[in-house]
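# Show me how the following folds:
(chains A and B)
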There are 2 protein chains.
Amino acid sequence: MSIHVTVLGCGSATPTSFRNPSSQWLDIQGEHYLIDCGEGTQTQLLKFKLRMSKLKAIFISHLHGDHFFGLPGLISSMHLMGRKEKLQIYGPEGLFPILDSIFHCSQTELRFHLEYFVVDTFKSYVLLETPKFEVISIPLKHRIPCSGFLFREKPKPRNLRPELMKFYNVPIYARKKIKQGNDFTSSSGEVIQNSKLTLDPARSVSYAYCSDTAPDESIIPIIDSATALYHEATFEDNLIDRAEQTFHSTASQAASQAKLANVEKLYLGHFSSRYRDTKTIENQACAIFPNTSNVHDGFTFDVM
Amino acid sequence: MSIHVTVLGCGSATPTSFRNPSSQWLDIQGEHYLIDCGEGTQTQLLKFKLRMSKLKAIFISHLHGDHFFGLPGLISSMHLMGRKEKLQIYGPEGLFPILDSIFHCSQTELRFHLEYFVVDTFKSYVLLETPKFEVISIPLKHRIPCSGFLFREKPKPRNLRPELMKFYNVPIYARKKIKQGNDFTSSSGEVIQNSKLTLDPARSVSYAYCSDTAPDESIIPIIDSATALYHEATFEDNLIDRAEQTFHSTASQAASQAKLANVEKLYLGHFSSRYRDTKTIENQACAIFPNTSNVHDGFTFDVM
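Got it, this is the predicted structure:
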């Protein structure tokens, strides 16, 4: 499995002429998801030629405006363009009454069903499960209830060792269970350990989105060994006090999280509008976790 | 008095890559006002180098998203940028609970006072009065409660006729009242009509904003003889049925309103996203009311 990510916005707080507020488009082998939806997200979709009609679900991390003020407009446009398929929205408590009151005031009866899922931002659990992958909430440490999201490919079957299949004369019908991790009992009654019969499967792909948050070690077990981590790095290191006050992270704090979690690749975003040039943030992070890249609006990457 | 208008957006319904939803910035001799605030308005302000901190009041015509989805973000940005001065917002019932719930959910305590004025969209009355001008509501005919806005310079004093001041020996102290339209009683007790003593003042400047609306003759007395009228022309003439269904206007309907109201100049906007090129709309309107111009995002004009 691979996840193709398009960054629609990676700014924080106020929009600037050079950076839109938070939003990311995920293409998971032809299924499309949105994480966060700051003001102007639908215009970014037009700009990057991504069709909103394809979206299956939208995940909103928290209710600061730079993460959801584009949502009412996006939903309205889907309605005006004739969408019929239901749309799932995952977000914190409080989001859905706002959406309802907005559509009530405009006397808009949506042509499609909005399926609301209130995210409990204080625990980590499976929000969405498909045959290929699952989406797990990541409780973040911010000024208001906030959740990150882990997109994780389901574990692949273990690889059978052909020479041992032959040696123990393992029948075809028994092999599926061995691939799933079971031991094998031969016709003579001998139990052969699964670890002897199989090799580890190819690792599963996972993508963790952690914005907005102060650095928090309690999430390390959730994002451990992720293929890619997107972590906020709102400030350069010298503004560590400001980061602490506002429950955000500096470049080095984000990199330390990546190192602790032993992820493969780190992407940084959610930059303060005070930084037009974010090279210092990248450099400070790379000193701790070398495999780091800053993103920008329109930046794309593959998690695979 | 003159009113300098900057069109920030003149699209309808869904944003496009070539047109933002409705918003206009008015500079009335150094006082700044906003009419409508579609999504992305704050980005347009940045683009056209207009400082949101200068705004004294915002007028919202109605609660379709393309006229107010940019308002929460604009207010948030003012807050984040440290605004202290109160901000007046005029809008239909329903707007203010939405704003309150949005700021409640984000636990945002605004650093400045939002002064709400609920507009009764079914009558025409003075919403705001300053020493120089007043803003009057214009009840529009739309699918949901909707109000236009007339910015009208206060009547100027009448012009005294010097030769008659001398002839009737009018003392200086009496002249102010004559300028205001009063008659004059001479020392001999003779009453001289004001119309004999004065000439009409220079006409007062007025700007009428009428979007969104079906053509409606009942507003003609309110916008009569306006210096400039901005009227929606969502559709070309061939879509008159669609205009009727959606309570919008065609090019010719907008032009007919301008002609009936005997305005000096007509500006057209709120174009459907189906029209990238709006020349046909302008041509159709000009056939009825020649002094017509289409607007576009970034278009500016002076009402004087």
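# Nearest residue to A:Arg111 in space, please, no chain neighbours.
A:His79 (5.7 Å; CB to CB, 6 or more residues apart in numbering or on different chains). In short, each C-beta sits where N, CA and C put it, glycine included.
# what's the distance between the residue in the stretch 151-300 of chain A positioned nearest to chain B and B:Arg161?
Nearest residue of the stretch 151-300 of chain A to chain B, counting by CB to the nearest CB: A:Ser273, 9.0 Å away. As judged by CB to CB, to the nearest Å, A:Ser273 and B:Arg161 stand 60 Å apart.
# So A:Leu164 lies in a helix, does it not?
Yes. Secondary structure of A:Leu164 (DSSP: H, G, I helix; E, B strand; the rest coil): part of a helix.
# neighbours around it, how many?
Using other CB atoms under 10 Å in any protein chain shown, A:Leu164 is surrounded by 15 other residues.
# check contacts around it.
A:Val170, A:Ile192, A:Lys196, A:Leu197 (CB atoms under 8 Å, 6 or more residues apart in numbering or on different chains).
# Widest-spaced pair of those residues?
For the contacts of A:Leu164, the farthest-apart pair by CB to CB is A:Val170 and A:Lys196; their separation is 11.6 Å.
# more neighbours, the two?
Neighbour tally, A:Val170 and A:Lys196, criterion other CB under 10 Å: the higher count belongs to A:Val170, 17 against 11.
# didn't the more buried one look like it was pressed against A:Lys177?
No. Taking contacts as CB atoms under 8 Å, A:Val170 lies outside contact range of A:Lys177: 10.2 Å.
# A:Gln42 in helix, strand or coil?
helix.
# three-state assignment of the closest residue to it other than its chain neighbours?
Sequence neighbours aside, A:Leu74 is the residue nearest to A:Gln42 in space, at 4.8 Å (criterion: CB to CB, 6+ apart). Assigned by three-state DSSP, the conformation of A:Leu74 is helix.
# Show me chain A divided up by domain.
A:3-156+A:202-303, A:159-199 (automatic domain parsing).
# State the helix or strand in which the residue sitting furthest away from the middle of chain A lies.
In chain A, the greatest distance from the average C-alpha position (CA atoms, centre = their mean) is reached by A:Ser188, at 48.7 Å. Using DSSP states H and E, A:Ser188 sits within no helix or strand.
# residues in chain A within reach of chain B, list them.
Within chain A, the positions lying close to chain B (CB under 8 Å from any CB of the partner chain) are A:13-17, A:39-40, A:42-43, A:46-47, A:63-66, A:69-70, A:72-73, A:76-77, A:80-81, A:94-95, A:97-98, A:101-102, A:104-107, A:143-144.
# residues contacting the closest residue to A:His67 other than its chain neighbours?
In this structure, A:His67 finds its nearest non-sequential neighbour in A:Asp36, 4.5 Å apart by CB to CB, 6+ apart. Contact analysis of A:Asp36 by CB under 8 Å, 6+ apart lists A:Ser22, A:Ser23, A:Gln24, A:Phe59, A:Ile60, A:Ser61, A:His67, A:Phe68, A:Ser211.
# For A:Asp36, give its distance to A:Val205.
21 Å.
# on that earlier part again, just confirm the residue nearest to A:Arg111 is within a strand.
No. Going by three-state DSSP, the assignment for A:His79 is helix, not a strand.
# can you tell me how far the closest residue to A:Ser272 other than its chain neighbours sits from A:Arg19?
Leaving aside its sequence neighbours, A:Ser272 sits nearest to A:Thr234 (CB to CB, 6+ apart; 5.1 Å). As judged by CB to CB, A:Thr234 and A:Arg19 stand 12 Å apart.
# if you count what's nearby, which of these two comes out ahead?
A:Thr234 (30 against 22).
# re earlier: can you redo the domains of chain A as TSV with mean pLDDT and distance to B:Glu153?
What follows is the domains of chain A, written out as TSV (pLDDT from 0 to 100; distance: least, CB to CB, whole Å):
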stretch	mean pLDDT	distance to B:Glu153
domain A:3-156+A:202-303	97	33
domain A:159-199	95	81
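# Which one of those domains lies nearest to B:Leu87?
Going by CB to CB, the one of these nearest B:Leu87 is domain A:3-156+A:202-303, 16.1 Å.
# Run the chain-centre distance for the closest one.
Centroid separation for domain A:3-156+A:202-303 versus its chain: 6 Å, with CA atoms, centre = their mean, to the nearest Å.
# before we move on, what about stretch A:183-191?
That offset, for stretch A:183-191, works out to 43 Å (CA atoms, centre = their mean).
# mind checking the end-to-end distance for it?
End-to-end distance for stretch A:183-191: 7 Å, by CA to CA, to the nearest Å.
# Buried residues, that stretch. List them.
For stretch A:183-191, a neighbour-count test (16 or more other CB atoms under 10 Å in any protein chain shown) marks A:Phe184 as buried.
# quick one: the strands in the stretch 201-304 of chain A?
Taking DSSP state E, counting those that start in this stretch, the strands of the stretch 201-304 of chain A run over residues A:206-210, A:228-232, A:265-269, A:292-294, A:300-303.
# Reformat those into TSV and put mean neighbour count next to each item.
Listed next are the strands of the stretch 201-304 of chain A as TSV, based on neighbours: other CB atoms under 10 Å in any protein chain shown:
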stretch	mean neighbour count
strand A:206-210	28
strand A:228-232	27
strand A:265-269	25
strand A:292-294	20
strand A:300-303	16
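# Output the ones you listed as TSV; include the columns distance to B:Val263.
Formatted as TSV, the strands of the stretch 201-304 of chain A follow (distance: least, CB to CB, whole Å):
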stretch	distance to B:Val263
strand A:206-210	53
strand A:228-232	52
strand A:265-269	50
strand A:292-294	53
strand A:300-303	50
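# A:Glu282 against A:Thr292, yeah?
Yes. In this structure, A:Glu282 is within contact of A:Thr292 by CB under 8 Å, at 6.3 Å.
# Now do the shared contacts for those two.
By CB under 8 Å, 6+ apart, the residues touching both A:Glu282 and A:Thr292 are A:Leu268.
# Surely A:Leu74 and A:Met52 touch.
Yes. Judged on CB under 8 Å, A:Leu74 makes contact with A:Met52 at a distance of 6.3 Å.
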